[in-house]
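>>> got a sequence here, can you model it:
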Amino acid sequence: MSLSHPAAFGAYSGTGHANGETKPRQHVLDLDDFLPSEIASVLENTRAMKEVLKRDIKKVPTLRGRVVVTLFYEASTRTRISFEEAGKVLSADVINMGGSGSSVEKGESLLNTGLTLQAMGVDILVVRHPHAGAPNFLARHLPKVSIINAGDGLHAHPTQALLDLFTVQEKLGSLAGLKIVIVGDVLHSRVARSAMWGFAKMGAKVTLCGPGTLLPLDLLRPNGHLPEGHCLASVKVDTSLDRAIEGADVVMALRLQSERQDSGFLPSMREYIRRWQVTESRVASAKPNALVMHPGPMNEGIEISSGLAHGDSSVIEEQVANGVAVRMALLYQVSTVVSQASGRLSIEQ
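Numbers count the residues shown, from 1 in each chain. Below you'll find the model as predicted:
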């Protein structure tokens, strides 16, 4: 089986040429500059990668000779391990690097770290950073390296959004027209921001729900400031979960951190649980086949009930499993920039 070079992969800026062709995508920084056709291509290649993961021997030579470095300045379990597994299944040389135990502790800047890795011949740099914009900064200054954003501050988490899109598409078919409800701490959620872009670009109707203090102020205002036809113009905001969840196809709960109460965003945790916890009784007003999602890690009994988190409608474990396949697809696709001569990378038996 072979995966052909994606026909519609946008340039770094997300803009195409006048003749309709697009440059191969070197970086994955967020979904705001992705074309719907690019997202569709990622999801299509993810299906092929998932077939590889079902084999008895989960190893293919697709990225043999490529060097992938995971540069994580924040603690992570799911994202880091899934990227490492994705790279190793594709036969890339994967090197894990963090802030502790490296030259960062000696005062080395992010730029100098990136330049050092580029000089060493690293092909792909997977970056997770507490400051928004760090992956974009590296993408501007490292012309020989492909950057994949594994989560930056409160800005974006595109690979999580893509695995969420894939999970929903796999379960429900077309994403167009689906009602997606994202509930919880949207204000501090990079997952919600990227998911909002991804689902909206694929034609889904997104509703953001939570306490008014945990919703971005610009989304609480009417969308009149958005250009006509802008995909986010269809995004709705509702502070009532009971109202928002009616007729939903997908309900995604976001993790609520206890410090939000300490910072004055919530009157009490008990109040949040009473009004915004995703429960079996609330999901009963959604569509019969509605999916329940959570990007993890979960606080069971706070943002989502334990019974629902492990119930028949939950696809939370599928989200984790699909994360490896999605990240395999993205590593493959940015690697086509590294080697333009062949125009094709193969997945062999």
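>>> so which residues of the stretch 151-300 of the chain form strands?
179-183, 205-209, 236-238, 250-253, 291-293 (DSSP state E, counting those that start in this stretch).
>>> who does the third one pair with, and is each partner parallel or antiparallel?
Right, strand 236-238. Taking DSSP bridges as the criterion, strand 236-238 forms sheet pairs with strand 205-209 (parallel).
>>> and the strands of the stretch 151-300 of the chain, which one's lowest on average pLDDT?
Lowest mean pLDDT within the strands of the stretch 151-300 of the chain: strand 236-238, a mean of 93.
>>> picking up where we left off before, let me have the strands of the stretch 151-300 of the chain in CSV, extended by distance to residue 282 and mean neighbour count.
Where C-beta positions appear, they are placed from N, C-alpha and C, glycine not excepted. Below are the strands of the stretch 151-300 of the chain laid out as CSV (distance: least, CB to CB, whole Å; neighbours: other CB atoms under 10 Å):
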stretch, distance to residue 282, mean neighbour count
strand 179-183, 9, 26
strand 205-209, 11, 23
strand 236-238, 13, 16
strand 250-253, 8, 27
strand 291-293, 10, 25
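>>> can you list those strands in CSV and add distance to residue 35?
Below are the strands of the stretch 151-300 of the chain laid out as CSV (distance: least, CB to CB, whole Å):
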stretch, distance to residue 35
strand 179-183, 20
strand 205-209, 18
strand 236-238, 24
strand 250-253, 22
strand 291-293, 24
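>>> of those strands, which is nearest residue 327?
Proximity to residue 327, assessed across the strands of the stretch 151-300 of the chain by CB to CB, is greatest for strand 291-293 (17.8 Å).
>>> distance from the chain centre to the closest one, please.
Here the centre of strand 291-293 is set off from its chain's centre by 16 Å, with CA atoms, centre = their mean, to the nearest Å.
>>> helices and strands around that strand, which ones?
The contact analysis (3 or more CB pairs under 8 Å, 6 or more residues apart in numbering; DSSP states H and E) places strand 291-293 against helix 158-172, strand 250-253, helix 316-338.
>>> just name the most buried of these.
Mean neighbour count (mean count of other CB atoms under 10 Å) peaks for strand 250-253 among the helices and strands packed on strand 291-293, with a mean of 27.
>>> assign a three-state SS to the residue lying closest to residue 76 once chain neighbours are set aside, would you?
Closest residue to residue 76 apart from its sequence neighbours, by CB to CB, 6 or more residues apart in numbering: residue 128 at 5.8 Å. The three-state assignment at residue 128 reads strand, by DSSP: H, G, I helix; E, B strand; the rest coil.
>>> tell me the bridge partners for residue 128.
When bridges are called by DSSP bridges, residue 128 pairs up with residue 72.
>>> that one and residue 83, how far apart?
Distance of residue 128 to residue 83, given as CB to CB, to the nearest Å: 9 Å.
>>> that'll do, ta.
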